[in-house]
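A.B. asks: sharing a model that was predicted from the sequence below.
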Amino acid sequence: MSSPTDSSAEATPRQDAMREQLLSDVSACLGSALVQSHINVGNDLCVRVSTDAWASSAAALKTSLGFDYFCFLSAIDWLPSPFGKGEEDPTAEPVERDTEIKQGLAGGETRMQVFARIVNHRTHVGITMKTDVPDATPVVPSWVSVFTGANWHEREAHEMFGISFAGHPDLRNMYLPTDFEGHPLRKDFPLLARMVKPWPGIVDVEPLPGGGDEDDAEGSAE
Amino acid sequence: MTLIGDRQQLAYIASQAADARVNVELETEGMTLNIGPQHPATHGTLRIIARLDGEQVLWAEPSCGYMHRGYEKLTEVRTFPQVTALVNRIDWLGSFANEVPFILAAEQLMEIEAPPRAQWIRTILFELSRIANVSLFLGDLGVQLGAITPVFFAFRDREYVLNLIEGATGGRFHPNFDRIGGLKDDLPAGWVDETRAVMKKMRKFCDEIENLLFGNEIFESRTRGIGVIPRDVALQYGMSGANLRASGVDWDLRRDQSLPMAWDKVDWKVWTHLDGDSYARCWVRLQETRESTLIVERLLDTLPSGPVMTKVPRIIKVPEGEAWVSTENPLGEMGYYVVSKGDLGPFRVKIRSASFNNISIVPWLLKGVYVPDIITILASLYFILGDIDR
């Protein structure tokens, strides 16, 4: 928040009438399935729907609001990485890390969330949809019956996050060998290369010698 | 000698014909054809397993993962400025275009904008990487159909564009030139004039390709009506770029969204085709290459002066938030969903690459086509392996 352009932006709270209208249309269409929403002013609308209604709300938005272009589907693991960024000496004592799970826009209650993006190809406006993945049984309804293109994206999310999609025809691995163990994009899956040797490129972010006082982490934006 | 009546003779012929028909309809033993992982038509290491009945494909399944480099995981242990060096290698023929949406997403979160001159130069380099990328497609197209000449023209003329990119950025293939807040450097002296000359050459190259291929009878009969993708299927699969526009969807992210780039500052045209077949996809790309050269020229005419870098902290921390930015890359819609937790590096980056969606239609599209058409259809879909596997 140290950038000089911020002050003018905060002086006048920005409005996004188009996305507010869109949000009211979406909430009328989804009804009680819509849990929470967030307007990223000027950029995006993010809605969170309940897990059971994940596929049916996509179908509803597709048929009644014309969101017929499937952009992508993936997942986020909100657990802070227990391994950091590999910048520490691997032989030293492990440092204490924040383990609080904090979800992003439009909130959430679970560690993992599935999110996807669909676009109305006539108005060129897209929305980001999110849903919680139950911690005990990571299963969400599949989108394949709504958007055929979700097939590969769900296979990818399945192998990378270990999330199952109920109703998916064939959740084979896309990239990894069939007998691969673990789910690489989960935060608690270690990046082994970094465990063995810290990333040398991390020196880039150290303050440069002789840079003076303004080179603190937040500084020099005067 | 027994005389047979006409009626008897006809019955005999009919029974023979029926026998022959039965023989034709007998189930022949199917065959599994394995194309790749190393195959000239796959632009890398895509393996396609096709189950054939005679010459016809019963089902086909691409097998990915030979190029998976795990960029989404790697971004989580890099700082924001370091990520561009990674994403450069996603679509390696149009590298600069990969950097732009990520940088724009980071700028969106930091609420800064590059100065006008940087926006212009970004757009010019973006279009140059499109020309370099698609000109190779246009040349390669001929090779898939047995015409060798176009690919030599393509490699010859692409070199001019690569020289321009190298002249401005220092890197032929992986410029890593885009910075949060602007660009690393301004353009070198004499670059603008040279670019104008090269754009003329590239238009001549497009004319050559058009004369060589698009008027060619063999080319037309091999591509017209082959691999037709209806528009609703294309949308469902998330096809983008020229593949979508060739199915009659008038949608170009350069025109249809507002980004801090210079596309909306000049006049240009979005090309579409209604047929949705291989020919349409190739034709749209040819027109787009030509249009790109015009965009570059018009942007050079209006190139503003001023700095190419805005004030940013030396150590870049991106505020907490989520941003989605996608641009119309040479292969289609390329976007990044960047989640930041206010650290030096991103918390999660979802890379939405164009080829992954474009190629996911292959099992549907190849069903029922003939073996020689597999190659044309794959060539016309145009994918880069790094862009599928990431």
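C.D. replies: Perfect, thanks for sending it. Numbers count the residues shown, from 1 in each chain, chains lettered A, B, ... in the order given.
A.B. asks: so which bits of the stretch 251-390 of chain B are right by chain A?
C.D. replies: The stretch 251-390 of chain B has residues B:251, B:256-257, B:311-315, B:317, B:319, B:321-324, B:326, B:333, B:335, B:337, B:339, B:341, B:344-345, B:348, B:350, B:352, B:356-357, B:360-361, B:364, B:389 near chain A, with proximity defined as Cβ under 8 Å from any Cβ of the partner chain. Where C-beta positions appear, they are placed from N, C-alpha and C, glycine not excepted.
A.B. asks: how about a cut-off of 6 Å?
C.D. replies: B:251, B:256, B:311, B:313-315, B:322, B:324, B:339, B:344-345, B:348, B:350, B:352, B:360 (Cβ under 6 Å from any Cβ of the partner chain).
A.B. asks: so who does the residue nearest the centre of chain A touch?
C.D. replies: The residue at the geometric middle of chain A, judged as the C-alpha nearest the mean C-alpha position with Cα atoms, centre = their mean, is A:I76 (4.4 Å). Contacts of A:I76 were listed using Cβ atoms under 6 Å, 6 or more residues apart in numbering or on different chains, and they are A:113, B:348.
A.B. asks: cutoff 7 Å now
C.D. replies: The neighbourhood of A:I76, defined by Cβ atoms under 7 Å, 6 or more residues apart in numbering or on different chains, consists of A:112-113, A:115, B:339, B:348.
A.B. asks: how much space separates the closest residue to chain A within the stretch 151-300 of chain B from B:S360?
C.D. replies: Per Cβ to the nearest Cβ, the residue of the stretch 151-300 of chain B with the smallest distance to chain A is B:Y237, at 3.7 Å. In this structure, B:Y237 lies at 6 Å from B:S360, with Cβ to Cβ, to the nearest Å as the measure.
A.B. asks: quick one: which of these two has more around it?
C.D. replies: When B:Y237 and B:S360 are compared on other Cβ atoms under 10 Å in any protein chain shown, the one with more neighbours turns out to be B:Y237, at 27 against 24.
A.B. asks: just the helices in the stretch 201-350 of chain B please.
C.D. replies: Taking DSSP state H, counting those that start in this stretch to define them, one finds helices in the stretch 201-350 of chain B at B:217-223, B:231-236, B:242-245, B:253-256, B:278-301.
A.B. asks: I'd like to know which elements the longest one is packed against.
C.D. replies: Looking back up the chat, that one is helix B:278-301. Using 3 or more Cβ pairs under 7 Å, 6 or more residues apart in numbering or on different chains; DSSP states H and E as the contact criterion, the elements in contact with helix B:278-301 are helix B:116-144, helix B:191-209, helix B:217-223, helix B:242-245, helix B:371-381.
A.B. asks: re earlier: what touches both of B:Y237 and B:S360?
C.D. replies: In contact with both B:Y237 and B:S360: A:G149, using Cβ under 7 Å, 6+ apart.
A.B. asks: ok, the helix or strand harbouring the residue nearest to the centre of chain A: who's next to it in the sheet?
C.D. replies: Mapping A:I76 onto the secondary structure by DSSP states H and E places it in strand A:69-77. In the sheet, strand A:69-77 lines up against strand A:112-120 (antiparallel) (DSSP bridges).
A.B. asks: number of nearby residues for the closest residue to A:T128 other than its chain neighbours?
C.D. replies: Among residues not flanking A:T128 along the chain, A:C46 sits closest, at 4.5 Å (Cβ to Cβ, 6 or more residues apart in numbering or on different chains). Neighbour count of A:C46, defined by other Cβ under 10 Å: 24.
A.B. asks: what sits up against the helix or strand hosting A:C46?
C.D. replies: A:C46 is part of strand A:44-49, with elements assigned from DSSP H and E. Taking contacts as Cβ under 7 Å, 6+ apart, the residues outside strand A:44-49 that touch it are A:19, A:22-23, A:26, A:30, A:33-40, A:57, A:105-108, A:127-131, B:324.
A.B. asks: hmm, back to that, got a quick ChimeraX command for the buried subset of the residues of the stretch 251-390 of chain B next to chain A?
C.D. replies: With 16 or more other Cβ atoms under 10 Å in any protein chain shown as the burial test, the buried ones among those are selected in ChimeraX as follows:
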select /B:251,313,315,322,324,339,344,345,348,350,352,360
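A.B. asks: ok, so of the residues of the stretch 251-390 of chain B next to chain A, who is nearest A:M174?
C.D. replies: Closest approach to A:M174 among those (Cβ to Cβ): B:S360, at 10.0 Å.
A.B. asks: for the closest one, give me its contacts.
C.D. replies: The neighbourhood of B:S360, defined by Cβ under 7 Å, 6+ apart, consists of A:149, A:151-152, B:237.
A.B. asks: now restrict these to buried residues only.
C.D. replies: Buried among those (16+ other Cβ under 10 Å): A:149, A:151-152, B:237.
A.B. asks: just put the residues you listed in a markdown table and tack on pLDDT and secondary structure.
C.D. replies: What follows is these, written out as a markdown table (pLDDT from 0 to 100; DSSP: H, G, I helix; E, B strand; the rest coil):
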| residue | pLDDT | secondary structure |
| --- | --- | --- |
| A:G149 | 88 | coil |
| A:N151 | 89 | helix |
| A:W152 | 90 | helix |
| B:Y237 | 89 | coil |
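A.B. asks: what is the neighbour count of the residue lying closest to B:W263 once chain neighbours are set aside?
C.D. replies: Closest residue to B:W263 in three dimensions, ignoring its sequence neighbours and counting by Cβ to Cβ, 6+ apart: B:R254, at 4.3 Å. Look at B:R254: counted by other Cβ under 10 Å, it has 21 neighbours.
A.B. asks: what do you get for the one 3 residues further on?
C.D. replies: Using other Cβ under 10 Å, B:Q257 has 18 other residues around it.
A.B. asks: surely it meets A:T123?
C.D. replies: No - at 11.0 Å, B:Q257 does not count as touching A:T123 under the criterion of Cβ atoms under 7 Å.
A.B. asks: picking up where we left off before, highest mean neighbour count out of the helices of the stretch 201-350 of chain B?
C.D. replies: helix B:242-245 (a mean of 30; mean count of other Cβ atoms under 10 Å in any protein chain shown).
A.B. asks: distance check, the closest residue to B:L138 other than its chain neighbours against B:T289.
C.D. replies: Leaving aside its sequence neighbours, B:L138 sits nearest to B:I209 (Cβ to Cβ, 6+ apart; 4.8 Å). When distance is defined by Cβ to Cβ, B:I209 is 9 Å away from B:T289.
A.B. asks: now for these two: what residues contact both?
C.D. replies: In contact with both B:I209 and B:T289: B:L138, using Cβ under 7 Å, 6+ apart.
A.B. asks: what sits against B:V362?
C.D. replies: Residues counted as contacts of B:V362 (Cβ under 7 Å, 6+ apart) are B:60, B:62.
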